[in-house]
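Colleague: Got a predicted structure here, sequence first:
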Amino acid sequence: MKSMEKIVSLCKRRGYLFQSSEIYGGIQGFWDYGPLGVELKRNLKDAWWHDMISGHNELVKPESAPTPFEMVGLDSTIIMHPQVWKCSGHYDLFHDHMVDCRESKKRYRFDQIRGRWVEYQDKKVFVTTMAEAEQELEEVRRRGMKFFRLRNKDADKITVGDESLTLDKLDSTENVLAPDAKSLDTLTEPREFNLMFKTTLGALGGEDDTTFLRPETAQGIFVNFKNVLDSSRVGLPFGIGQVGKSFRNEITPRNFTFRSREFEQMEIEFFCHPDQSQQWYRYWRDRRLAWYKELGLSDESLIMREHHQEELAHYSVGTADIEYAFPFLPEGEYGELEGIAHRGDFDLRSHMEGKLDPSTRPMQVELGEDGKPKYRGSGRDLSYRDEATNEKFVPHVVEPSAGADRGALAFLCEAYTEDEAPDEKGKMQTRTVMKLHPRLAPIKAAVFPLVKKDGMPEVAHEIYGELKRHMNVFYDEKGAVGRRYRRQDEAGTPYCITVDTDTLTDRTVTIRDRDTLEQTRVKIDDVVADLRTRING
Ligand code: ATP
């Protein structure tokens, strides 16, 4: 059975993920990738970069795209001019709602406190907990019993509601037992909390020197739109992609790496003519969903959720989230992997004219009390002139915005499998295997001499040396070969190459497939090409 506990434990044991600063007790919301994890995440980012940017063929129209299009990359800085965040809306609008508990002095994100109605005699209280979904019901029951001062033998005297709700769904917090409180009604009203990390430039540190760590990579793309246009020969429609760190001071980081305070994003800003933007929005939504499936996420665990009108961000004409059934969520619930947003011309116009007022239609620059723009734009012309028609317009933007860490976590969760495989004696044993797509697998192949003698290690070294020039491979000659296979299964290595007695006479080796357990004999000279085909299809 797949459970978050097992996945987290495997990640730590095998060096996928560690808590940041662990020897000092850790720091909440920050995670380090160990030797296997760094390869996985790098492979994921490389696959994205290749499939979206460097490997994109602008000469051919993809089947479902309205026209052929170009893609280029960018690497902008994490710290940018403070005005960027004022015009983007992050300074004013990028916040979550938090509540404080007057009793426990703890702070929570309002929409992340979960609980159920618990009834005893004629009293009804809403008992909450921050426990993971798997323990939620039990924890609510336990806290409910404690609140009503009931013993275990009286367990059937209380009724615990079937429905698990987050706090933002209630009309009032009056009858709420906060997650770490003993009495009712200890939560403050929800307050806004800006998620951007502040930092100070230079030694003087006045208010004017305050700047922010970027909460998304997208703005770096918008402010370079003109630079890219002027320095390359791209023309509309085209996309600019960027991969990099983002920072959000999340109130309640949780669920392993799902909600971290430092994370990486893989974002595309796709610029197109306003008349075509709905078509491009649909193209990118479907293309991105297909990408996750190509790399191994199953149909059943993925959904595309179109936002309702009232949920849409202020600038958006349409937004869809690609969501995954992470094992830490209750059955039937999904967590966001990527958002695909139709942003209209909000961003380019805001950086040009000044921050737009989201409540106006068509959107106009938001004015301060003095009647001047509240946040001045750059004054640069960020419109586009179509050379063929001579039409001048501000392009519309479609933004597929993915998280590399959430992606890596989804692939880890999907890959975790327990099945049965025969041991050395042919006896079936339970094995833990990470069924990662070969493109994502941290180690592509492991090379083993069957035994550590008779010249087998020498041949295995030779193969290992040759393979290392092409891909990440691992050499192991310690212990029984069955045990070596098991270790590689857990690391997600798709192929194991074994040098045995026959190798010494006919220069062939066996390649064992992690998922089918099938073993094929291949000539040593063909191993590189054989693996290449297996990995890239
Ligand atoms: P959420 O609603 O979960 O906070 P969001 O809608 O604010 O996410 P976006 O602003 O659309 O997220 O960011 C795009 C992507 O960046 C998300 O789909 C996710 O993959 C990733 N991401 C956002 N916040 C975090 C975070 N705190 N930790 C890890 N990844 C994140």
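Modeller: Looks like it came in fine.
Colleague: OK, contacts around E391?
Modeller: Counting by C-beta atoms under 8 Å, 6 or more residues apart in numbering, E391 touches R385. Heads up, the C-betas are built off the backbone N, CA and C, glycines and all.
Colleague: What distance do you get for it to S383?
Modeller: 10 Å (C-beta to C-beta, to the nearest Å).
Colleague: N194 now?
Modeller: 31 Å.
Colleague: Tell me how the protein divides into domains.
Modeller: 4-88+209-411, 97-193, 443-536 (the TED database).
Colleague: T200 is nearest to which of these?
Modeller: Minimum separation from T200 across the domains of the chain (C-beta to C-beta) falls at domain 4-88+209-411, 5.3 Å.
Colleague: average pLDDT for the closest one?
Modeller: The pLDDT scores in domain 4-88+209-411 average 94.
Colleague: where's it relative to the chain centroid, distance-wise?
Modeller: Taking C-alpha atoms, centre = their mean, to the nearest Å, one finds domain 4-88+209-411 lying 11 Å from the centre of the chain it belongs to.
Colleague: Going forward, count from 135.
Modeller: Okay, using 135 as the starting number, the last item reads as domain 138-222+343-545.
Colleague: That domain and the ligand, any residue contact?
Modeller: Yes: for domain 138-222+343-545, a contact with the ligand is found by C-beta under 6 Å from any ligand atom, at 350, 382, 384, 393-394, 397, 399, 470-473, 535-537, 539-540.
Colleague: What separates the first and last residues of that domain, distance-wise?
Modeller: 13 Å (C-alpha to C-alpha, to the nearest Å).
Colleague: Could you grab the helix/strand/coil label for the residue nearest to V451 when sequence neighbours are not counted?
Modeller: With C-beta to C-beta, 6 or more residues apart in numbering as the measure, H476 is the residue that lies nearest to V451, at 4.4 Å, once sequence neighbours are left out. Secondary structure assignment for H476 (DSSP: H, G, I helix; E, B strand; the rest coil): strand.
Colleague: So in terms of bridging, what pairs with H476?
Modeller: G452, V532 (DSSP bridges).
Colleague: For whatever residue of the chain ends up closest to the ligand, give its distance to E624.
Modeller: Proximity of the chain to the ligand (C-beta to the nearest ligand atom) peaks at G537, 2.2 Å away. Computed as C-beta to C-beta, the G537 to E624 distance reads 25 Å.
Colleague: more neighbours, these two?
Modeller: G537 (23 against 17; other C-beta atoms under 10 Å).
Colleague: how about the more buried one, what does it touch?
Modeller: Taking C-beta under 8 Å, 6+ apart as the test, what G537 contacts is 397-400, 471-472.
Colleague: What does the residue most central in space within the chain show for phi and psi?
Modeller: Residue closest to the average C-alpha location in the chain (C-alpha atoms, centre = their mean): R540, at 2.1 Å. Backbone torsions for R540, taken as degrees, to the nearest 10, come to phi -70, psi -40.
Colleague: Next up, identify which helix or strand the closest residue to it other than its chain neighbours is on.
Modeller: Nearest residue to R540 in three dimensions, chain neighbours excluded: L471, at 5.3 Å (C-beta to C-beta, 6+ apart). Here L471 sits within strand 469-478, counting by DSSP states H and E.
Colleague: When N328 and S517 are compared, which one has more neighbours?
Modeller: Between N328 and S517, counting by other C-beta under 10 Å, N328 is the more crowded of the two (18 against 14).
Colleague: number of nearby residues for the residue lying closest to the more buried one once chain neighbours are set aside?
Modeller: In this structure, N328 finds its nearest non-sequential neighbour in H229, 5.0 Å apart by C-beta to C-beta, 6+ apart. Residues lying near H229 (other C-beta under 10 Å) number 14.
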